[in-house]
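J.: Have a look; sequence and predicted model below, questions after that.
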Amino acid sequence: MPLTLGADPGADGAVVLLAGVGLFSYYELKDYPDYRKLARELKPLAPLILFGATELNSARPASTTGPTGQGVSSAFNFGQACGLLTGMLIGLEIDLVEVRPSVWKANMGLPADKRACC
């Protein structure tokens, strides 16, 4: 059974494994602060994972305070989480695809505003 990994490296982020259109497994990133435990849990499934998808985000600073709408600390934490996630996927030999939020939200029938999704 082929799986697809979806990841949101944000502060309240998660990693999900999808089997076709159904949820196979769900991991809240707050439970995996350095991703080692998550990598150990995903390792047996790695041969089944076709690719990992994560949100393509523009991290170009609008000013010296970091990306638009984020403070320096938030921008750093997000960047660190992206790096950890990328390193974990590389270590597990899972291809990574970056997808624009407008694309994945449209494909899932979700509104553009993340606050309206929940």
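T.: Yep, that arrived. Numbers count the residues shown, from 1 in each chain.

J.: Show me where the protein has its strands.
T.: Counting by DSSP state E, the chain has strands at residues 3-8, 14-19, 22-28, 49-55, 96-99.

J.: May I have the shortest one as PDB, with CA atoms only?
T.: Output for strand 96-99, consisting of C-alpha atoms alone and laid out as PDB, is shown next (Å, rounded to 0.1, in the frame of the first residue of the first chain):
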ATOM      1  CA  LEU A  96      10.400  16.000  -0.800                       C
ATOM      2  CA  VAL A  97       8.000  18.100  -2.900                       C
ATOM      3  CA  GLU A  98       7.200  21.700  -1.900                       C
ATOM      4  CA  VAL A  99       3.600  22.800  -2.700                       C
END
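
J.: Show me how far that strand is from its chain's centre.
T.: Its chain's average C-alpha position is 9 Å from that of strand 96-99, according to Cα atoms, centre = their mean, to the nearest Å.

J.: Next: the third one.
T.: The chain centre lies 13 Å from the centre of strand 22-28; the measure is Cα atoms, centre = their mean.

J.: Tell me the pLDDT of Arg100.
T.: Arg100 is assigned a predicted lDDT (pLDDT) of 82.

J.: tell me the contacts of Gly91?
T.: Shown in contact with Gly91 (Cβ atoms under 8 Å, 6 or more residues apart in numbering): Ala39. Yep, even glycine has a C-beta here, placed from its N, CA and C like the rest.
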